[in-house]
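Engineer: Predicted model and sequence follow; I will ask about them next.
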Amino acid sequence: MAKLSIELNRYFFEEERGEKVTLSEILTLAGERIFGFLLLILSLPSALPIPAPGYSIPFGILMFLLAIQLIGGAKTPWLPEKMMKGSMNVETARKFVKMGLPWLKRIEAITKPRLTYICTSLAGRIVIGSAIALMAISMMIPIPGTNTAPAMGIFVTAFGLQEDDGFITLGGLTICLLAGILSTSIIIAAIWGGSSIIDLIKDYLKN
């Protein structure tokens with residue numbers, strides 16, 4: 001099967017598309033790597049350093065559902081038909097894909113099947129699913145700063161899952177851990193006051 005970057009480039013830039021693209025249409029690219037592929041596609045808009053208003057919450061819900069199924073040991077994902085028929089403007093999708101392709105190619109250059117038990121064993125998928133579920137919940141919280149880092153963690157973890165690369169997956173889980181700490185500090189600061197980790201870092205850099 002061709003690399004994901006090649007498949008996405010062909011689908012969005014080399015073939016004619018209508019005004020809208022649905023999730024079910026994009027899944028035709030996935031093949032047997034559907035769990036990782038879905039998580040990659042859904043986390044991409046929020047993982048990029050550009051505004052993605054309106055996508056973090058619905059995509060976070062979808063990724064949470066996928067994470068629960070990973071924890072449950074599902075081999076193939078299930079999503080409600082209404083969600084599968086959910087659409088995005090093609091030009092918007094192309095913008096996200098164009099921004100994400102360079103990062104995809106960089107990760108693809110270093111991925112290969114290794115430490116595969118992390119991605120394929122039930123215990124490994126439970127850990128991966130739990131981390132993704134927590135990150136997806138963070139993405140659904142409407143507080144600035146709780147979206148991008150968790151989405152990046154999901155993105156890297158999902159890439160490792162898709163390629164059966166346990167090393168990359170461990171890197172993604174590490175990002176998820178750091179993103180969880182960051183999001184927790186932001187939420188605590190927003191609710192009870194005080195400084196978040198970001199505020200402390202800013203103050204340190206100023207001084």
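Structural biologist: The structure has been received and is ready for your questions.

Engineer: Reduced to three states, what does residue 77 come out as?
Structural biologist: Judged by DSSP: H, G, I helix; E, B strand; the rest coil, the three-state class of residue 77 is coil.

Engineer: I should have written residue 21 there, sorry.
Structural biologist: Looking at residue 21 with three-state DSSP, the answer is strand.

Engineer: ranges for the strands of the protein?
Structural biologist: Secondary structure of the chain (DSSP state E): strands at 20-22, 87-89.

Engineer: Turn the ones you listed into CSV, columns for distance to residue 170, mean neighbour count and mean pLDDT.
Structural biologist: The way it works is simple: take the backbone N, C-alpha and C, and place the C-beta from them, glycine included. Formatted as CSV, these follow (distance: least, CB to CB, whole Å; neighbours: other CB atoms under 10 Å; pLDDT from 0 to 100):
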stretch, distance to residue 170, mean neighbour count, mean pLDDT
strand 20-22, 32, 15, 84
strand 87-89, 31, 14, 81
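
Engineer: Dump these to CSV, plus distance to residue 149.
Structural biologist: CSV is the format used below for those (distance: least, CB to CB, whole Å):
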stretch, distance to residue 149
strand 20-22, 27
strand 87-89, 23
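
Engineer: among those strands, which is nearest residue 150?
Structural biologist: With distances scored as CB to CB, the stretch of these nearest to residue 150 is strand 87-89 (20.5 Å).

Engineer: mind listing what that closest one pairs with, with the direction of each?
Structural biologist: For strand 87-89, the paired strands and their directions (DSSP bridges) read strand 20-22 (antiparallel).

Engineer: Report the contact partners of the residue most central in space within the chain.
Structural biologist: In the chain, the centroid-proximal residue (CA atoms, centre = their mean) is residue 43; its distance is 2.8 Å. For residue 43, the contacting residues are 59, 63, 151, 152, 154, 155, 158, taking CB atoms under 8 Å, 6 or more residues apart in numbering as the criterion.

Engineer: at 7 Å what do you get?
Structural biologist: 63, 151, 154, 155, 158 (CB atoms under 7 Å, 6 or more residues apart in numbering).

Engineer: Also residue 24?
Structural biologist: Under the criterion of CB under 7 Å, 6+ apart, the neighbours of residue 24 are 84, 85.

Engineer: again, only using 6 Å
Structural biologist: When the contact criterion is CB atoms under 6 Å, 6 or more residues apart in numbering, the partners of residue 24 are residue 84.
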